[in-house]
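Enquirer: 3D, please:
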Amino acid sequence: MTELLLSTLAPCQAYLNTGGAPKGDPAYDPSSIYNPDLHRIIPYLLLVSVLGVFMLTQLRKLMIVDWRLPFPSGTASGVMLTSFHTPAGEASAMRKVRLLSYTGIGSLLFSFIKWLVWGSNYECGFGVWPTFGFKALEYTWNFDWQHNYVGAGMICPHIVNWSMLLGAILSNGIMWPLMAKKEGDWYPSDLKPHDFKGLFGYKVFLTIAILMGEGMYMVLRVLASTSRDGVRRLREVRAAKRQALPRYRAGIPSEAGGPVHINGDGVLESDRDVDPKGSDAGGTVHTSLLEKEDDAEHLMEFRETSEERHLRTEVFLRETIPWWMAPAGYGSLAVLSTIFIPMIYPPVKWYYVLVAYVITPLFALPNSYGTGLTDWDNCSMYGKLALFIFAAWAGASGNGIIVGLGICGVVFAATSSAAGLMSDFRTAYICLAAPRAMFVAQLIGQLMGAILTPLTFMIYYLTGQVNVPDGPYPAPFSTIYRGMAKIGTEGFSALPRYCGALMLAFFVGGMLICLVRDLLPKKYGRLVPSPMAMGLPFYIGAASAIDFWMGSIIMHIWEFINKESALELGSTVGAGLLVGDGLWSIP
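Expert: Residues are numbered from 1 along each chain as shown. Okay, here's the model as predicted:
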């Protein structure tokens, strides 16, 4: 939320940092400056912060049950909470609690040690350990001892971690070193590290392209699956009417936990006595809520036993969220935002807001999917893409800088909160908690954050040192986002040479890899890398990919020594590493 706040306010200091004329100068442009006044930022955040909560709510079964995405942070929270209560008994519970405590405390202490040896500018210590030499370190090839990412790698599927390593080799091992030699030819020399006219522009936009490639493929796949399922159900209903036989409505669980039938008189009936294997008293097996065990294998499957999966799926699908709540909430916010955001920031016209609300779900689905795979929220990537597009649309004459920043906030907040809600649903799935309770809690939390975050931010802002270069609160994202919006007003021609062609190639390539993965038999398809996981190291660097890969290596060795122990305790150890490092971030 803080990054969103800093990137969309367009304060005066960011204007000066990007070459704007100071006040009193004839070239001073007050129309492109909006300082963070509470009467602007609180209403703005109230409108956009809860947007994502309504966006993907109805896809929770698809992501949590059907695709079985791991959501490592959500898994870590769930494992930590359920460690105190396990069906295996008190001894197993205490074993997990002790293991979680040991790894969490160890992770916390090691974070403290890393902090002790860090320099004032973070240019020494474990984070810049030259694992493969100083030349490789220039392209982030080192093990930076980020044990929270190692823990996430222990929870993520192996194919995701190996895909990230492959992406790191392709980008930081091959592409960026070669492109660095094109300085002065493909892009100007002597640019700042985060200048989008240089190598940083390739990193950002090629990452967006490959993420959007797999994301768009998943959107098309969902639409095709939904259409096919709708046609199938329509045929079943028509066949039942013709034959005057009781018919079955798939996917609608009753409050008692069993599936719902409709008899010939149109009366709802439910199977109340369902055994743990999904059979009723008469021995009929219902496979609408649960996949058959033979078909339960998935290319991106997380680790859990079949018994755990059955119980969690049954509980997770038992309670429903009214279908009308998502479109009603999203539609109401769209109407309110279209009316009030132009009042808050006049250059952001109503039609910009309306278009943003139409296209944002196309960003939210792939972002949530990617977060589920890698635990890396790429909302900033999609926000930057929207910023560039809308700034180019408005142009310099339409105050495109403010337009781009304002719409960036909408996309940023929506995609982030949607991914956060799915991660919370993953926690609810593991803890056997009610999805409806998670939905309400997320909604309340987002509304509270929209009020408390600006108030907290103002404590720092009133010092006059926020976003001041070399000051105590440099807030670099504010300058970076404004600089990108400034470039956006010049259009795609401001990007470095061949960036547009490479974006198209990576977008198509991401879709083709997904298509090949789905067309191949499962035993071969599971070996095809994930484009979204490959794309992350293009932006975040090779060090984080190595951390994830190390988590996978630990699990490979553990599974070789004792597979049952690795299956039972691997997620607990990974959760401990995540929790310990997360606790250190508080002080």
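
Enquirer: what's the weakest-modelled helix or strand in this protein?
Expert: strand 268-270 (a mean of 38; mean pLDDT, DSSP states H and E).

Enquirer: Which helix or strand lies directly C-terminal to that strand?
Expert: The C-terminal neighbour of strand 268-270 among helices and strands, as given by DSSP states H and E, is helix 306-318.

Enquirer: Kindly state the pLDDT recorded for A575?
Expert: Here the pLDDT value assigned to A575 is 81.

Enquirer: Surely P496 is within a strand?
Expert: No - P496 sits outside any strand when classified using DSSP: H, G, I helix; E, B strand; the rest coil, being coil.

Enquirer: how many other residues sit next to it?
Expert: Neighbours of P496 under the rule other C-beta atoms under 10 Å: 24. All C-beta spots, glycine's among them, are computed from the backbone N, C-alpha and C.

Enquirer: repeat for G133
Expert: Residues contacting G133 under the criterion other C-beta under 10 Å number 10.

Enquirer: what do you get for the one 10 residues further on?
Expert: The tally of other residues near F143 (other C-beta under 10 Å) stands at 17.

Enquirer: for it, what are its contacts?
Expert: With contact set as C-beta atoms under 8 Å, 6 or more residues apart in numbering, F143 has these partners: 129, 131, 543, 546-547, 550.

Enquirer: try 6 Å
Expert: Neighbour list for F143: 131, 546 [criterion: C-beta atoms under 6 Å, 6 or more residues apart in numbering].

Enquirer: and it, how far is that from I553?
Expert: 11 Å (C-beta to C-beta, to the nearest Å).

Enquirer: all strands for this structure, in order.
Expert: 247-253, 259-262, 268-270 (DSSP state E).

Enquirer: now the helices for the stretch 151-300 of the chain?
Expert: For the stretch 151-300 of the chain, the helices defined by DSSP state H, counting those that start in this stretch cover 158-168, 176-180, 199-243.

Enquirer: Of the ones you listed, flag the one that's most buried.
Expert: helix 158-168 (a mean of 25; mean count of other C-beta atoms under 10 Å).

Enquirer: Can you spell out which helices and strands pack onto it?
Expert: For helix 158-168, the elements it packs on are helix 531-540, helix 542-561, judged by 3 or more C-beta pairs under 6 Å, 6 or more residues apart in numbering; DSSP states H and E.

Enquirer: mean pLDDT for those helices: which is lowest?
Expert: helix 531-540 (a mean of 84).

Enquirer: could I get that helix in PDB with only the CA atoms?
Expert: Extracted in PDB, the C-alpha atoms of helix 531-540 (Å, rounded to 0.1, in the frame of the first residue of the first chain):
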ATOM      1  CA  PRO A 531       6.800 -19.000 -18.500                       C
ATOM      2  CA  MET A 532       5.600 -16.900 -15.600                       C
ATOM      3  CA  ALA A 533       8.200 -18.400 -13.200                       C
ATOM      4  CA  MET A 534      10.800 -18.000 -15.900                       C
ATOM      5  CA  GLY A 535       9.900 -14.300 -16.400                       C
ATOM      6  CA  LEU A 536      10.400 -13.200 -12.700                       C
ATOM      7  CA  PRO A 537      14.300 -13.300 -12.800                       C
ATOM      8  CA  PHE A 538      14.200 -11.000 -15.800                       C
ATOM      9  CA  TYR A 539      13.300  -8.300 -13.300                       C
ATOM     10  CA  ILE A 540      14.200  -9.400  -9.800                       C
END
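
Enquirer: Might you list the low-confidence residue ranges for the stretch 451-587 of the chain?
Expert: Where the stretch 451-587 of the chain drops to pLDDT under 70, the residues are 467-477, 479-480, 491-492, 585-587.

Enquirer: Next, work out how far apart L170 and F538 are.
Expert: Counting by C-beta to C-beta, the gap from L170 to F538 is 8 Å.

Enquirer: likewise P130?
Expert: Relative to F538, and taking C-beta to C-beta, P130 is found at 22 Å.

Enquirer: Same check on M63?
Expert: From M63 to F538 the distance is 24 Å (C-beta to C-beta).

Enquirer: With neighbour numbers in mind, choose between the two.
Expert: A count of neighbours by other C-beta under 10 Å puts F538 above the other of M63 and F538, at 26 against 21.

Enquirer: dump the residue contacts of the more buried one.
Expert: Here F538 is in contact with 171, 203, 206-207 (C-beta under 6 Å, 6+ apart).

Enquirer: Looking at those residues, which is nearest P342?
Expert: Among these, T207 lies closest to P342 (C-beta to C-beta), at 31.3 Å.

Enquirer: so the closest one touches G541, yeah?
Expert: No - using C-beta atoms under 6 Å, T207 is not in contact with G541, being 11.2 Å away.
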